[in-house]
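J.: pasted the sequence and its predicted model underneath.
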Amino acid sequence: MPQQQPVDVEGAERLKIQGNEFYTKRDYNAAHRKYTEAIKKDPQNPVLYANRAAALLALKKRVLTWDCEKAVDLDPGYAKAWGRLGTAAHAISNWEKSLYAWQKALDCLPKENLSPEEQKLKTQFEEGMDKAGAARKNTESGIAVVSADTLQSGKLPWQMAATLISQKKSAQVFVVDYAYQGLKDGMDGLAQTQVMGTAADGRELLFGRTNITESLSNAILADSRIFNTNSPDFIDKITRQCVFENEILRGWANSGGPAIVKKEAVERLRLWIFNGFFRGGLLSHHDFALEMYANALDILAWGRKRWPNVPREVRGTIFEKSFIRGVKKLQLRAMHESFSRKEMDVGTAEPPGEGFDECHRLAYWDYPMATGLSRVKDFEEAAQWYLKAAEALPEDDWYHSEFLQKHLECLCFLDRPLRDTLPICQLIQKALGQALEIWSMPPFGAALKAILEQVKDFEDRYNQEIASGKCTLESIGELPPIKPPAREPRVSIRAISAYVPA
């Protein structure tokens with residue numbers, strides 16, 4: 001066992017002062033390094049963790065709340081640390097946690113006869129609470145409302161995939177069907193979780209499966225577009241389930257080999273992944289989603305580095321490149337949603353080895369590659385990347401059509417002649433015809449039909465002008481804007497019963 005480093009309070013204080021000086025000069029990276037060095041010398045000092053959290057906040061990175069939580073664990077009466085936890089939680093759109101932290105910060109202050117400094121803190125904490133409350137109230141989910149007629153049509157994407165799967169040799173239907181089966185298993189298990197009573201501390205005592213998030217995370221890693229629910233209290237149920245599984249699986253192993261870590265990592269990582277999708281996709285908390293995916297990817301990278309030569313059966317499938325690419329695909333989409341411009345590598349382009357079926361290759365290899373390739377840089381380069389992204393996917397996948405349409409937009413912006421742009425119209429229309437076999441029903445089909453109308457209008461106009469002699473194949477065409485489809489109803493999330501644990 002390694003010997004614990006002796007506490008050096010004076011050395012930590014000197015480093016803290018140096019860190020404060022760097023912070024005052026706005027050299028936040030240097031301040032962060034000094035606070036980290038100070039923590040090594042005095043790991044039980046809550047001020048050091050709170051200061052390091054302030055440096056992270058100032059750097060405007062994806063803020064991890066761990067330092068703030070460590071500070072309040074060490075000193076529950078430390079008002080500034082609670083305030084920084086409120087700020088950090090707000091930065092990742094974790095409104096419930098932010099509100100809780102702001103209230104705890106206020107509770108730490110005297111009720112009367114406040115000093116000028118305490119009054120200043122009180123005003124800051126109250127403003128933070130007001131902002132978090134307003135943000136939570138205005139949060140709109142990514143849930144689209146589907147009509148009863150649509151539900152009863154038998155033509156929802158997963159229903160169409162089940163019908164078409166026997167007719168297709170290699171197509172998106174395999175991925176859609178695979179993902180939906182995982183979703184169905186998770187939803188069925190969620191419905192079976194029962195409340196058996198109430199503990200002395202007020203917590204609900206639950207009985208149910210502890211692999212619900214495993215099924216749900218498998219589904220969204222394969223194809224998140226199939227996620228759907230007809231349960232009006234889904235948010236409460238999944239929040240309760242995540243808390244339940246988090247309690248059962250609490251804590252990482254402090255020591256041991258891959259067999260020990262694998263058992264805990266599998267479930268904890270899947271919780272992080274599903275929490276990221278749940279909060280990002282359904283509640284628009286994209287920064288929270290990015291932190292969850294980053295946490296998962298950090299552990300996955302650590303596992304691969306820690307046991308590079310351990311067999312897959314011992315180390316676990318979650319440490320395989322295919323699983324990691326699936327998580328990176330979700331991370332990329334979260335970045336798209338939050339308009340991030342940060343580059344993200346989805347991994348090497350090497351194909352999966354033997355033992356991977358077609359569905360697995362598409363879900364965990366081609367889809368992540370296409371998502372990565374679709375990152376826009378400039379129009380010249382983007383035109384080629386969008387084309388490569390489209391070519392990485394089956395023709396009946398709606399992203400194939402969408403990426404081709406973006407390729408066409410870039411070509412028109414670059415003033416490429418009709419000789420180059422009209423053939424792309426044919427490819428788009430052919431692909432959309434196949435995609436609409438699966439994704440025709442609302443709310444899925446409206447955007448695809450809008451693209452189809454745009455491309456057809458462009459093609460018809462310039463074919464007619466070429467036929468009449470008004471232009472030639474060397475002329476430049478102007479792509480009309482996409483007519484926005486009727487906005488689908490969305491669900492406004494006014495409150496969440498409890499924040500999903502990170």
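T.: In hand now; what should we look at? Owing to the predicted nature of the structure, the values given are computational and were not obtained by experimental measurement.

J.: got any ranges where the stretch 351-500 of the chain has weak pLDDT?
T.: For the stretch 351-500 of the chain, the stretches flagged by pLDDT under 70 are 351-378, 484-500.

J.: and the strands in it?
T.: With DSSP state E, counting those that start in this stretch, the ranges of strands along the stretch 351-500 of the chain come out as 490-492.

J.: can you check the stretch 51-200 of the chain too?
T.: Taking DSSP E, counting those that start in this stretch as the test, the strands found in the stretch 51-200 of the chain are 140-144, 194-198.

J.: contacts for the last one?
T.: Translated: strand 194-198. For strand 194-198, contacts defined as CB atoms under 8 Å, 6 or more residues apart in numbering pick out 204, 205, 206, 207, 208. C-betas here are computed from N, CA, C, even on glycine.

J.: tell me which of these has the lowest pLDDT.
T.: In terms of pLDDT, the least confident member of those is residue 204, at 73.

J.: so that one sits against residue 240, correct?
T.: Yes. The pair formed by residue 204 and residue 240 meets the contact definition of CB atoms under 8 Å, at 6.8 Å.

J.: neighbour count: the two, which is higher?
T.: Ranked by neighbour count (other CB atoms under 10 Å), residue 204 and residue 240 place residue 240 first, with 20 against 12.

J.: please, which helix or strand holds the more buried one?
T.: Using DSSP states H and E, residue 240 maps to helix 234-248.

J.: for that helix, packing partners?
T.: Packing partners of helix 234-248 (3 or more CB pairs under 8 Å, 6 or more residues apart in numbering; DSSP states H and E): helix 172-192, strand 204-207, helix 212-223, helix 258-277.

J.: adding distance to residue 328, write those out as TSV.
T.: Putting these into TSV (distance: least, CB to CB, whole Å) gives the following:
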stretch	distance to residue 328
helix 172-192	17
strand 204-207	32
helix 212-223	10
helix 258-277	11
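
J.: point out the most buried one among those.
T.: helix 212-223 (a mean of 25; mean count of other CB atoms under 10 Å).

J.: residues making contact with it?
T.: By CB under 8 Å, 6+ apart, the surrounding residues in contact with helix 212-223 are 175-176, 178-183, 185-187, 189-190, 193, 226-227, 241-242, 245, 266-267, 270-271, 273-274, 277, 281, 323, 326-327, 329-330, 359, 363-364, 367.

J.: as a whole number, average confidence for it?
T.: According to the model, helix 212-223 has a mean pLDDT of 85.

J.: export it to CSV, keeping only CA atoms.
T.: Extracted C-alpha coordinates of helix 212-223, given in CSV (Å, rounded to 0.1, in the frame of the first residue of the first chain):
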residue,chain,number,x,y,z
ILE,A,212,-33.2,-0.9,-16.8
THR,A,213,-30.7,1.8,-17.8
GLU,A,214,-28.6,-0.9,-19.4
SER,A,215,-31.5,-1.8,-21.9
LEU,A,216,-32.3,1.9,-22.4
SER,A,217,-28.7,2.9,-22.9
ASN,A,218,-28.2,0.1,-25.4
ALA,A,219,-31.2,1.4,-27.3
ILE,A,220,-30.1,5.0,-27.5
LEU,A,221,-26.5,4.0,-28.3
ALA,A,222,-27.8,2.0,-31.3
ASP,A,223,-30.2,4.7,-32.6
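
J.: closest to residue 389 out of the helices and strands packed on helix 234-248?
T.: Smallest distance to residue 389 across those (CB to CB): 14.6 Å, for helix 172-192.

J.: what's that closest one packed up against?
T.: The helices and strands touching helix 172-192, judged by 3+ CB pairs under 8 Å, 6+ apart, are helix 157-164, helix 212-223, helix 234-248, helix 358-361, helix 418-439.

J.: what lies in contact with the longest one?
T.: Here helix 418-439 makes contact (CB under 8 Å, 6+ apart) with 157, 160-161, 164, 172-173, 176, 395-398, 400-401, 404-405, 407-408, 411-412, 445, 448-449, 451-452, 455-456, 458-459, 462-463, 466, 471-477, 479.

J.: now these: which count as buried?
T.: Burial by neighbour count, 16 or more other CB atoms under 10 Å: within those this picks out 157, 160-161, 164, 172-173, 176, 395-398, 400-401, 404-405, 407-408, 411-412, 445, 448-449, 451-452, 455, 458-459, 462, 471, 477, 479.

J.: okay, and which of the residues you listed map to helices?
T.: When these are checked against helices (DSSP state H), the matches are 157, 160-161, 164, 172-173, 176, 398, 400-401, 404-405, 407-408, 411-412, 445, 448-449, 451-452, 455, 458-459, 462.

J.: still on that earlier bit, weakest of the strands of the stretch 51-200 of the chain in terms of mean pLDDT?
T.: Among the strands of the stretch 51-200 of the chain, strand 140-144 scores lowest, at a mean of 53.

J.: which residues does the residue nearest the centre of the chain contact?
T.: For the chain, residue 289 is the residue whose C-alpha lies nearest the centre (CA atoms, centre = their mean; 3.8 Å). Residues near residue 289 by CB under 8 Å, 6+ apart: 276, 277, 279, 280, 281, 330, 334.

J.: next: residue 415.
T.: residue 476.

J.: so it versus residue 383, what's the distance?
T.: As judged by CB to CB, to the nearest Å, residue 415 and residue 383 stand 12 Å apart.

J.: could you do residue 326 as well?
T.: 27 Å.

J.: so those two - more neighbours on which side?
T.: Per other CB under 10 Å, whichever of residue 326 and residue 383 has more neighbours is residue 326, with 25 against 22.

J.: got a pLDDT number for the more buried one?
T.: Note on residue 326: pLDDT of 81.

J.: residue 245 reaches residue 210, doesn't it?
T.: Yes. Assessed by CB under 8 Å, residue 245 is found in contact with residue 210 at 5.3 Å.

J.: the two: who's more crowded?
T.: Taking neighbours as other CB under 10 Å, residue 245 and residue 210 compare with residue 245 leading, 25 against 16.

J.: residues contacting that one?
T.: By CB under 8 Å, 6+ apart, residue 245 lies in contact with 210, 212, 213, 267, 271.

J.: state the distance from the closest residue to the last one other than its chain neighbours to residue 198.
T.: Read it as residue 271. Of all residues not flanking residue 271 in the chain, residue 213 sits nearest, at 5.2 Å (CB to CB, 6 or more residues apart in numbering). Residue 213 is 23 Å from residue 198, where distance means CB to CB.

J.: just residue 43 next, same as before
T.: Distance from residue 43 to residue 198, by CB to CB: 37 Å.

J.: these two: which has the busier surroundings?
T.: Remark: of residue 43 and residue 198, residue 43 carries more neighbours, 15 against 10, as counted by other CB under 10 Å.

J.: how many residues are close by the nearest residue to the more buried one once chain neighbours are set aside?
T.: Leaving aside its chain neighbours, residue 43 sits nearest to residue 7 (7.7 Å; criterion: CB to CB, 6+ apart). Using other CB under 10 Å, residue 7 has 13 neighbouring residues.

J.: residue 7 belongs to a helix?
T.: No. Applying DSSP: H, G, I helix; E, B strand; the rest coil, one finds residue 7 to be coil, outside a helix.

J.: how about it, phi and psi?
T.: phi -70, psi 130 (degrees, to the nearest 10).

J.: tell me if I'm right that it and residue 40 touch.
T.: No. At 10.1 Å, residue 7 does not count as touching residue 40 under the criterion of CB under 8 Å.

J.: could you report the pLDDT at residue 249?
T.: pLDDT recorded at residue 249 is 57.
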